[in-house]
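Undergrad: What shape does this take:
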Amino acid sequence: MTTTFPALEILNFQPTIPNDSYFELVIQFDQFGSTIKFKFGEINYHEIRNTKNIILHAGKKVELNLELWRKLGGFLAKSLRAHNVNSLFVGKDVIDNFERRELNTFFEGFFLGNYNFEYFKQDTKPEKINIVIDNNDDSLKSELETTQIICSVINYAREIGQMPGNIINPLSLAEICSQLAEKYLLKIQILDENELNKIGANGILSVGKGSSAKPRMIILEYEGLDKPMENPVVLVGKAITFDTGGYSIKSVDGIKGMKFDKMGGITVLGTLLAASILKIPHNVVGIICAAENMISQDAYRPDDIIRTLSGKTVEILSTDAEGRLVLADGLTYAQQKYQPKCIIDFATLTGGIITALGKIRAGLFSNNDHLSNQLFLSGENTLERLWRMPLDDDYFDFIKGDDADLKNAGGKEGHPIMGAIFLKQFIESDVPWAHIDIAGAAISPKAEHYQPKGANGFGIRMMIDYLTAL
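TA: Okay, the predicted model is just below:
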């Protein structure tokens, strides 16, 4: 499995079109009284003598918000790909039509919209798109290059997220992380099944012991301050590389797409990569809890009782409520080894969050109003939106164990809350913590504007916004 990022666009900054192979971008707004109406995002190609124009119809300028600019960038990228155009000139008149933030958002949509998952397609040779921008403002150049870096990391996260279970398992994911850590100057520690057994991390071990590819806890450290690992922001991600449901096996339809059950861990990986490349001035730790939930003579069963890394015991009601078990050990490890400024976990944890919020927002659960408000604002800024869900102590009664401290399932009522209240039991009361259930938001049902079908890299832009604003 390669660790090469998907093909990047080449950004050049100069005042003239280099040659006549370039198409010049024209953004056309609706004109009052015009008899010809164009759809928002419609694109026309004009070639007259040596002049080549791409006309992007943007609707009414007064009605455009940042998300619509982002979508326009995505429409343009997909259109260039469809028409095999790989040279684009963006002139000063176009640049002057944008507010600075609009321009960055437009190119964000463009860079994200230029991604397709084509790893296994034999005849595909991804071409780089050469973009020449009429600009001599160094600050704008720096901003656009930062936007491009973030988007390239997201596109790489999409690439890994889209990989099937026969390519990505806990072992191969750990190897990828190891290669990336060396290349991007991250410290890494990988706990294998023997080391996990030695420290008593039986949550992640139980989930993964039915697979021939044994579980791994992958710890990445980014040192952004002079004081190494002082009060880091700790991110914990669920990376179930494939989820059969175990002996509580999923249905024929329900098991489809379970390669995406690793997307929480991929969000953590992408955030650490971006933080390192951008040299964000904060210490950040990523803990990726990787396991494959399979069925075999070694697999864990309903009615089993396991002792987690925290010492708390858990009665297994459903082997398909496995994500909270691997996260429980990850959350405990985070507090045992670090003194976190805060802990934020990402997980495709429950189908119930899709019922509650659809695919528009991810569920946010937190024990800290300040942390919750910061994350919510970053979600609004990037349109990777969150919605805070209840976490009342009354919900604990649903997961209180009969024969153990806890049960790993609490019935269908308030299903996403049951997962979150379970995780809360592994957080010390003075540690700010947020759980983000991305089961709906991390997977796009179809390709449109700047989103691909499948893994979309949800949460990385939001986390970079959050870390930058700290």
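Undergrad: so residue 303 touches residue 315, yeah?
TA: Yes: with contact defined as C-beta atoms under 8 Å, residue 303 and residue 315 form a contacting pair (7.4 Å). All C-beta atoms are positioned from the backbone trio N, CA, C, and that covers glycine.
Undergrad: Compare these two (neighbour count), which wins?
TA: residue 315 (19 against 9; other C-beta atoms under 10 Å).
Undergrad: all strands of the stretch 301-450 of the chain, in order?
TA: 305-307, 313-315, 342-347, 362-366, 386-388, 406-407, 433-437, 443-444 (DSSP state E, counting those that start in this stretch).
Undergrad: Any idea which of the ones you listed gets closest to residue 12?
TA: strand 443-444 (31.1 Å; C-beta to C-beta).
Undergrad: what's the following helix or strand after the helix or strand encompassing residue 74?
TA: Element membership for residue 74, per DSSP states H and E: helix 66-82. Downstream of helix 66-82, the first helix or strand assigned by DSSP H and E is strand 87-90.
Undergrad: Please state the offset of that following strand from the chain centre?
TA: 29 Å (C-alpha atoms, centre = their mean, to the nearest Å).
Undergrad: for stretch 238-248, same thing?
TA: 19 Å.
Undergrad: Could you count how many residues lie near residue 29?
TA: 13.
Undergrad: who touches it in this structure?
TA: Residue 29 is in contact with 58-61, counting by C-beta atoms under 8 Å, 6 or more residues apart in numbering.
Undergrad: I'd like to know which of those is nearest to residue 269.
TA: residue 58 (35.1 Å).
Undergrad: so the closest one touches residue 31, yeah?
TA: No: when contacts are counted by C-beta under 8 Å, residue 58 is not listed as touching residue 31 (11.6 Å).
Undergrad: And the strands of the stretch 301-450 of the chain: which comes nearest residue 86?
TA: Comparing these by C-beta to C-beta, strand 443-444 comes nearest, at 25.0 Å.
Undergrad: Please identify the pairing partners of the closest one and their relative orientation?
TA: Strand pairing for strand 443-444, using DSSP bridges, gives strand 454-455 (antiparallel).
Undergrad: Enumerate the positions of the lengthiest helix in the chain that are buried.
TA: Identified as the longest helix of the chain according to DSSP state H is helix 138-162. If you call a residue buried by 16 or more other C-beta atoms under 10 Å, then helix 138-162 has these buried ones: 140, 143-144, 146-162.
Undergrad: what about the spatially closest residue to residue 292 that is not a sequence neighbour, distance to residue 197?
TA: Nearest residue to residue 292, sequence neighbours excluded (C-beta to C-beta, 6 or more residues apart in numbering): residue 211, at 3.9 Å. Look at residue 211 and residue 197: by C-beta to C-beta, to the nearest Å, they are 15 Å apart.
Undergrad: Could you check which of these two is surrounded by more residues?
TA: A side-by-side neighbour count of residue 211 and residue 197, using other C-beta under 10 Å, places residue 211 first with 23 against 13.
Undergrad: Can you name the residues that contact the more buried one?
TA: 169-170, 291-294, 296.
Undergrad: Please pick the buried ones from those residues.
TA: 169-170, 291-294.
Undergrad: Sitting in helices, which of the residues you listed do you find?
TA: Per DSSP H, the subset of the buried ones among the contacts of residue 211 in helices is residue 170.
Undergrad: which of the buried ones among the contacts of residue 211 lies closest to residue 443?
TA: residue 293 (17.7 Å).
Undergrad: On the three-state scheme, the residue nearest to residue 323 when sequence neighbours are not counted is what?
TA: Setting aside the residues directly before and after it, residue 323 is nearest to residue 238 in space (C-beta to C-beta, 6+ apart), at 4.5 Å. Counting by DSSP: H, G, I helix; E, B strand; the rest coil, the backbone at residue 238 sits in strand.
Undergrad: ok, now how distant is residue 238 from residue 263?
TA: The value you get for residue 238 to residue 263, if C-beta to C-beta is used, is 8 Å.
Undergrad: Quick check: residue 6 touching residue 157?
TA: No: under the criterion of C-beta under 8 Å, residue 6 makes no contact with residue 157, lying 10.3 Å away.
Undergrad: Ramachandran angles for the residue of the chain positioned farthest from its centre?
TA: Distance from the C-alpha centroid of the chain, by C-alpha atoms, centre = their mean, peaks at residue 49 (45.0 Å). Backbone torsions of residue 49, given as degrees, to the nearest 10, read phi 50, psi -120.
Undergrad: pLDDT value on it, please?
TA: Here, the pLDDT recorded for residue 49 equals 72.
Undergrad: Residue 89 versus that one, what's the distance?
TA: Distance from residue 49 to residue 89, by C-beta to C-beta: 16 Å.
Undergrad: Would you mind getting the angle between the host helix or strand of residue 174 and helix 138-162?
TA: Using DSSP H and E, residue 174 sits in helix 170-183. In terms of direction (axes from the mean of the first three to the mean of the last three C-alpha atoms, to 10 degrees), helix 170-183 departs from helix 138-162 by 160 degrees.
Undergrad: Strands of the stretch 151-300 of the chain, start to end?
TA: Going by DSSP E, counting those that start in this stretch, the stretch 151-300 of the chain shows strands at 187-191, 216-222, 233-243, 284-293.
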